[in-house]
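**Q** sequence first, then the predicted structure, then my questions.
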Amino acid sequence: MTDDLRADYPEAAEYIEQAVTAHGEEWVLENYYQQISQLGVVMDVPEKEELPFFDADEHDTMSDEEVRKMGEALSQYRQNLIAASREATERDD
């Protein structure tokens, strides 16, 4: 990680460094939107393009619209899990 990234995103930089150590830079780039950017709910996270190992010639990014749609889909998925859990609990009572 660069010092700029650590300075701008101190909390997220730690998680990104852990992910790079555990899985490698390519994994982080391939799974950025599903794994890392979700941390944006609780902390500031960099855009994928801000990562020091991102190369625009080799890696793709999602448009704002695609990110929004993915967020909506994840939100709906979570709501479905909560509803199903409640239904199962009510049946067991």
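**A** All right, it came through fine.
**Q** list the contacts of stretch 65-78.
**A** Tyr33, Gln34, Ser37, Gln38, Met62 (C-beta atoms under 8 Å, 6 or more residues apart in numbering). All C-beta atoms are positioned from the backbone trio N, CA, C, and that covers glycine.
**Q** tell me the buried residues in that stretch?
**A** Neighbour counts over stretch 65-78 (16 or more other C-beta atoms under 10 Å) mark Val67 as buried.
**Q** pLDDT score for Met1?
**A** For Met1, the pLDDT comes out at 58.
**Q** same check, this time on Asp93
**A** pLDDT, Asp93: 67.
**Q** circling back: and the contacts of stretch 65-78, which two are furthest apart?
**A** Farthest pair in the contacts of stretch 65-78 (C-beta to C-beta) is Gln38 and Met62. Separation: 13.0 Å.
**Q** sorry, back to before: right, and out of the contacts of stretch 65-78, which lies closest to Trp27?
**A** Using C-beta to C-beta, Gln34 comes nearest to Trp27 of the contacts of stretch 65-78, at 11.0 Å.
**Q** any idea of the pLDDT on the closest residue to that closest one other than its chain neighbours?
**A** Leaving out its chain neighbours, the residue that sits closest to Gln34 by C-beta to C-beta, 6 or more residues apart in numbering is Met70, at 7.9 Å. As predicted, Met70 sits at a pLDDT of 82.
**Q** what do you get for the one 3 residues further on?
**A** Residue-level confidence at Ala73 comes out at 86, pLDDT.
**Q** do Pro46 as well
**A** Pro46 is given a pLDDT of 90.
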